[in-house]
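Student: Just the structure for this:
(chains A, B and C)
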Amino acid sequence: MLEVKNIKYSYNADYQALKGVSLKIEKGEMVALLGKNGAGKSTLFLHLNGIYRPDEGQVFIDGEELKYDKKSLLKFRQKVGIVFQNPDDQIFAPTVEEDVAFGPLNLGLPMEEVQDRVEEALARVGMSGFEKTAPHHLSGGQKKRVAIAGILAMKPEIMVLDEPTAGLDPQGVVDLSILLNELNEEGITIVISTHEVDLVPNYAEKVFVLVDGLLIAEGTPKEIFAKPEILEQANLKVPIVTDLFQQLEREGFDMNGDYPLTIDEAKEKFLDLLNKN
Amino acid sequence: MKFDMDYIAHHNALTETNPYFKLFLTILLLIVTLALDNLYFDVFMFIVMSIIILAVAKINYKSYLKFLSLPMAFLVITCIFLLLFFGKGEVIYETGILGIVVTTDSLHYAVYTFMRVLGCLPCLGFLALTTPIAKILNCLRNLKVPRIMIEIALLMYNTIFIFLNEIDTMQKAQDTRLGYHSYWTSFKSLGALVSTIFLRSLDKSETLQFALDSRGYNGELPVYEPRKKEN
Amino acid sequence: MHIMEGYLPLNWCIIWFVISIIVVAFGIYQIKKIVDETPESKALLAVSGAFMFVLSSLKLPSVTGSCSHPCGNGLGAALFGPAVTAVLATIVLIFQALLLAHGGLTTLGANIFSMGIVGPVVAWIVYKGLIKAGISSTIAVFFAAFLGDLLTYVATSFQLALAFPAPTFGAALTAFLTIFAVTQVPLAIGEGILTVIIWDRLKAYKPKLLDKLGALAPNEA
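Tutor: A predicted model of the protein is given here:
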């Protein structure tokens, strides 16, 4: 379980990025943090494993407060893995395998175990065979997968991904969704920041909406996307299928306030409407 | 980069050959070539090392010629310079221009320097074209070169390519808007480009630190030993 | 101006290696102290080194039609001091030899001496001297980069004249200096101007950093 209590953080005297954020994510959940660019998503994420230290407030992991001494930080950074938005910001080693091995080696694991984890993590993201490749010879999507492998190899309980679909091609987005769903089913808690509303209902059980350093709403995707005032404040839109059904309602179809969020739901609804008429 | 030695170093038939062997062989051959300073040996080295690079490491001859071309062009110019302006001794050729002459000494300098470079260049090429830099740095670390220097070099390596990519993109963008149209605009564009990269590099040093810390960095880069492949 | 692989005879390779190693060792000792005090500076140094490498791979527009590359030593010296710059320059020179075939391994010592030691030391002395004399950091940084570059060429000429002292050392030095004066002075001015453009943007966007590094004139801080 991950809990954030009333976190405030300022980059400088003029700019407070987080103005008191509290949220709670249960073990095994898969949640989305929605918000436009500059809302404070990345800043919040960097608090979750102690890279940033809040001016006020606390972070709890499994009920234990995050402390900022070396030993506690190592423990928490193993539990909470962050995948950076830009893989170029995360990958630094001269070869793929050395980069993936970096985290496990810092945990002080025996070499044998590190080798196993590197193999396993690379296989998991479909990058086996690239062990000796230099990261700068990879494509953007491949770099992303290596970045995820680097975190997987640390076997985190909670995985935090900052805009994971940014820069991926459509197939890459599908592959990533499948991987994240698999990991979630294996028990890893997953937190994703995004502004791609179409994808959110496919995976997220819970959604948080962050605007200008404040959490303005939380709930199921259904609840959040039914509140136009929230979406407007956050500079977001409803998923495209939802938009379609809202327009249909204006044409005289009765939706009973229940708009589909995903393609699957939309299909059901269509069949429903067709049968009625 | 059009000519990418780093890419060749990662993709040739000798990439996985023991880097210590390659490093020591290169240094040994360089020292022997310099120490002997023998014209025949220089030619011998040039031929043997070129054969190794082309036939054993299986590096494309075009890439190898590109590797040689820039230093060779420069070498020819400087050797002509040595030939015409240096040395005393017997005059063996008069150019008839401004009293410039070739002497026995200057001929000796020019020929020996030319041949020495000719013998040494393929040795450098052998190491640079067959061995990824990171492997050489790992060798140096095990050879007790100060750790801090190796770590800075290792952290530098990846960053270099990120910057080169950014510069490439930005230069194209500037060129699109006629940023290199005249001498003075070229200067201003280059200055803007370089200072932008510098400011980015400061941000990059922060994100690099975050990336390291996020995965439990304790101030020293750990050394990974990959599993030996069983055949 | 790199001396290429194999260009110098063995004895001179060794001499320049020995001299350079002593200075670089001192630089490493300094860096160790800095990193022990502020561990984050390792990332900053690495990224600055990468910047120096990248800078040297850019072509400087030149009046004479020849092209050359800025080396960033003046900037490095003004920001970090000469000892640290010497270490970064050493790594950059190794990378240049192995990634671009600029310079070489046997001539590494000689190149470290001219570009990693003489250039930065001159630039640093000029910079600090002018700042102390009350001159603005922008002008100081121009002369630091210009003279740092120029003295690098003088050092290279010196090294070449020592290796090829014919008919006499003096005559050889004059010959090398003449060639460099014609080809390199415009480039040194170019590097000076480029460094000023970078410096002004640094002053505008990151004044705190410059202040923290102690790189600004007292009245500018």
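
Student: so does stretch C:132-152 get close to chain B?
Tutor: No: using Cβ under 8 Å from any Cβ of the partner chain, stretch C:132-152 stays clear of chain B, coming no nearer than 12.2 Å. Glycine gets a C-beta too; all of them are placed from N, C-alpha and C.

Student: Residue in the stretch 151-277 of chain A with the shortest distance to chain B?
Tutor: Closest residue of the stretch 151-277 of chain A to chain B, Cβ to the nearest Cβ: residue A:154 (6.6 Å).

Student: surely that residue meets residue A:104?
Tutor: Yes: between residue A:154 and residue A:104 there is a contact under Cβ atoms under 8 Å: 6.1 Å.

Student: Compare those two (neighbour count), which wins?
Tutor: A count of neighbours by other Cβ atoms under 10 Å in any protein chain shown puts residue A:104 above the other of residue A:154 and residue A:104, at 27 against 24.

Student: could you say what helices and strands the helix or strand where the more buried one lies packs with?
Tutor: Under the criterion of DSSP states H and E, residue A:104 resides in helix A:96-106. Helix A:96-106 is packed against helix A:111-124, helix A:140-152, with contacts defined by 3 or more Cβ pairs under 8 Å, 6 or more residues apart in numbering or on different chains; DSSP states H and E.

Student: Would you tell me which one of those is buried the most?
Tutor: helix A:140-152 (a mean of 24; mean count of other Cβ atoms under 10 Å in any protein chain shown).

Student: Identify the residue nearest the geometric centre of chain C.
Tutor: Among the residues of chain C, residue C:73 comes closest to the average C-alpha position under Cα atoms, centre = their mean, at 3.1 Å.

Student: The one helix or strand residue B:207 maps to to helix A:96-106, inter-axis angle?
Tutor: Per DSSP H and E, residue B:207 falls inside helix B:183-214. Relative orientation of helix B:183-214 and helix A:96-106, computed by axes from the mean of the first three to the mean of the last three Cα atoms, to 10 degrees: 40 degrees.

Student: what's the angle from helix B:183-214 to helix A:140-152?
Tutor: 30 degrees.

Student: what packs against helix B:183-214?
Tutor: Counting by 3+ Cβ pairs under 8 Å, 6+ apart, helix B:183-214 packs on helix A:70-79, helix A:87-90, helix B:147-176, helix C:41-56, helix C:169-205.

Student: confidence score at residue B:159?
Tutor: Residue B:159 is assigned 90 on the pLDDT scale.

Student: Point out the residues in the stretch 101-250 of chain A that sit beside chain B.
Tutor: Counting by Cβ under 8 Å from any Cβ, the stretch 101-250 of chain A sits next to chain B at A:101-103, A:105-107, A:111, A:114-115, A:118-119, A:131-137, A:150-151, A:154.

Student: Now do the same contact list for the residue nearest to the centre of chain C.
Tutor: By Cβ atoms under 8 Å, 6 or more residues apart in numbering or on different chains, residue C:73 lies in contact with C:52, C:85, C:89, C:115-116, C:119-120, C:123, C:145, C:148-149, C:152.

Student: hey, where'd the strands end up in chain C?
Tutor: Taking DSSP state E, chain C contains no strands at all.

Student: Ok, chain B next?
Tutor: Under DSSP E, chain B gives strands at B:91-94, B:101-103.

Student: Next, name the residue at the spatial heart of chain B.
Tutor: residue B:128 (6.6 Å).

Student: Would you mind measuring from that residue to chain C?
Tutor: 4 Å (Cβ to the nearest Cβ, to the nearest Å).

Student: can you check residue A:156 too?
Tutor: Applying Cβ to the nearest Cβ, the value for residue A:156 to chain C is 23 Å.

Student: Give the closest residue to that residue in space, chain neighbours not counted.
Tutor: In this structure, residue A:156 finds its nearest non-sequential neighbour in residue A:81, 3.6 Å apart by Cβ to Cβ, 6 or more residues apart in numbering or on different chains.

Student: give me phi/psi at the closest residue in space to residue C:3 that isn't next to it in sequence?
Tutor: The shortest distance from residue C:3 to any non-neighbouring residue, by Cβ to Cβ, 6+ apart, is to residue C:107 (4.3 Å). Main-chain dihedrals, residue C:107, degrees, to the nearest 10: phi -100, psi 10.

Student: got the contact list for residue C:107?
Tutor: C:2-8, C:13, C:16.

Student: tell me the pLDDT at it?
Tutor: In this model, residue C:107 carries a pLDDT of 94.

Student: What's the local residue count around residue 79?
Tutor: If you meant another chain, say so; for now it's chain A. Neighbourhood size, residue A:79 [other Cβ under 10 Å]: 19.

Student: you looked at the wrong chain, it should be chain C
Tutor: Residue C:79, neighbours per other Cβ under 10 Å, totals 23.

Student: cool, and residue B:225?
Tutor: Residue B:225 - counted by other Cβ under 10 Å - has 11 other residues nearby.

Student: Same check on residue B:58?
Tutor: 12.

Student: low pLDDT regions in chain A?
Tutor: A:277 (pLDDT under 70).

Student: Following the record's annotation, map out the domains of it.
Tutor: If you go by automatic domain parsing, the domain ranges for chain A are A:2-227, A:239-277.

Student: now the shortest one, how far from the centre of its chain.
Tutor: Right, domain A:239-277. 28 Å (Cα atoms, centre = their mean, to the nearest Å).

Student: Next: stretch C:71-83.
Tutor: On Cα atoms, centre = their mean, the centre of stretch C:71-83 falls 7 Å from the chain's centre.

Student: Check stretch A:202-220 too.
Tutor: 12 Å.

Student: likewise stretch C:191-203?
Tutor: Taking Cα atoms, centre = their mean, one finds stretch C:191-203 lying 15 Å from the centre of the chain it belongs to.

Student: Name the residues of that stretch that come out as buried.
Tutor: For stretch C:191-203, burial by neighbour count (16 or more other Cβ atoms under 10 Å in any protein chain shown) applies to C:191-199, C:201-203.

Student: what's the answer for stretch B:208-228, then?
Tutor: For stretch B:208-228, by 16+ other Cβ under 10 Å, it's B:208-217, B:221-222, B:224, B:226.

Student: and what of stretch B:47-65?
Tutor: Applying 16+ other Cβ under 10 Å to stretch B:47-65 flags B:49-50, B:52-53, B:57, B:59, B:63-64 as buried.

Student: just stretch C:160-168 next, same as before
Tutor: Going by neighbour count (16+ other Cβ under 10 Å), the buried part of stretch C:160-168 is C:160-164, C:166.

Student: Then stretch A:256-272?
Tutor: For stretch A:256-272, a neighbour-count test (16+ other Cβ under 10 Å) marks A:259-262, A:265-266, A:269 as buried.

Student: In a markdown table: the residues you listed, plus distance to chain C and secondary structure.
Tutor: Below are the buried residues of stretch A:256-272 laid out as a markdown table (distance: Cβ to the nearest Cβ, whole Å; DSSP: H, G, I helix; E, B strand; the rest coil):
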| residue | distance to chain C | secondary structure |
| --- | --- | --- |
| A:259 | 47 | coil |
| A:260 | 48 | coil |
| A:261 | 43 | coil |
| A:262 | 43 | coil |
| A:265 | 47 | helix |
| A:266 | 48 | helix |
| A:269 | 53 | helix |
